[in-house]
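Trainee: Quick check, what structure comes out for this input:
(one chain, ligands or ions: 2)
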Amino acid sequence: MNCLFFFIFLISFLLSQSPTLSFDLNFCWRFRVHIINNLSLNNLVIHCFSYDDDLGRHELWWGEEFTFKIGQRAVGDTRVLCNVTKFGSNHITSIDVFTNSIADKHCCKTRQCYWSARDDAIYFSNNDKNWNRWYSWTSV
Ligand SMILES: *[C@@H]1O[C@H](CO)[C@@H](O)[C@H](O)[C@H]1NC(C)=O
Ligand SMILES: *[C@@H]1O[C@H](CO)[C@@H](O)[C@H](O)[C@H]1NC(C)=O
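Mentor: Ligands and ions are numbered 1, 2, ... in the order given. The predicted structure follows:
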């Protein structure tokens, strides 16, 4: 029994000494999601909701951001969907801003998911520096 604990301790110690391996010990389940209005002309209207919560409708001015914290559920799916509209236009889109898969694959490293609404598309970043084009606008 004690041997087992020692073994676990030893492994944890060794992992904590290795920068590459210790990364895997950072279980990430708490996140912050940011949605930023980077449109040049329009306000951005967002309405986000998860299975349990309606986060309400928000109108963001140029440069403004809407942010919330979220934890992955221990069991089952976590998903936050947002309806995003360029105010005063017919450009609207429904986007997943948080899912288990986005969290695990893309936000885990920094525990931040950034979404930037721009004129041409909606971009993603996990560090507010390197952005990738992610979702297109659709017209209704
Ligand atoms: C988007 O808005 C944020 C917050 O105002 C600003 O810091 C950032 O530079 C803007 N990015 C672009 C690409 O305009
Ligand atoms: C989001 O958009 C979809 C599709 O346009 C619509 O069916 C749904 O009612 C909208 N939800 C909210 C909360 O605005």
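
Trainee: CA atoms for contacts and neighbours, from now on please.
Mentor: OK.

Trainee: tell me the contacts of Leu60?
Mentor: 36-37, 43-46, 66 (CA atoms under 8 Å, 6 or more residues apart in numbering).

Trainee: Output the lowest mean pLDDT helix or strand found in this protein.
Mentor: Every helix and strand in the chain was compared by mean pLDDT, DSSP states H and E; the lowest is helix 19-22, with a mean of 47.

Trainee: Next secondary structure after that one?
Mentor: Using DSSP states H and E, the helix or strand that follows helix 19-22 in sequence is strand 30-37.

Trainee: Tell me the buried residues in that next one?
Mentor: Using 16 or more other CA atoms under 10 Å as the test for burial, strand 30-37 gives 31-37.

Trainee: Can you say which two of the contacts of Leu60 are spatially most distant?
Mentor: Asn43 and Phe66 (12.6 Å; CA to CA).

Trainee: For these two, work out which one has more neighbours and name it.
Mentor: Between Asn43 and Phe66, Asn43 has the larger neighbour count (other CA atoms under 10 Å), namely 20 against 14.

Trainee: That one against Glu65, yeah?
Mentor: No. Using CA atoms under 8 Å, Asn43 makes no contact with Glu65, being 11.2 Å away.

Trainee: Give me the common contacts of those two.
Mentor: By CA under 8 Å, 6+ apart, the residues touching both Asn43 and Glu65 are Asn37.

Trainee: This structure: helices as residue ranges?
Mentor: 2-17, 19-22, 100-102 (DSSP state H).

Trainee: Would you indicate which residues of the shortest one are buried?
Mentor: So the one you mean is helix 100-102. Asn100.

Trainee: got it, and stretch 99-108?
Mentor: Applying a neighbour-count criterion of 16+ other CA under 10 Å, the buried positions in stretch 99-108 are 99-100, 103, 106-108.

Trainee: Could you export it as PDB, CA atoms only?
Mentor: Only the C-alpha atoms of stretch 99-108 are listed here, as PDB (Å, rounded to 0.1, in the frame of the first residue of the first chain):
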ATOM      1  CA  THR A  99     -17.900  23.000 -26.500                       C
ATOM      2  CA  ASN A 100     -15.900  20.200 -24.900                       C
ATOM      3  CA  SER A 101     -14.000  19.800 -28.100                       C
ATOM      4  CA  ILE A 102     -13.200  23.500 -28.500                       C
ATOM      5  CA  ALA A 103     -12.100  23.600 -24.900                       C
ATOM      6  CA  ASP A 104      -9.900  20.500 -25.000                       C
ATOM      7  CA  LYS A 105      -8.400  21.100 -28.400                       C
ATOM      8  CA  HIS A 106      -8.000  24.900 -28.500                       C
ATOM      9  CA  CYS A 107      -8.500  26.600 -25.100                       C
ATOM     10  CA  CYS A 108      -6.900  24.200 -22.700                       C
END
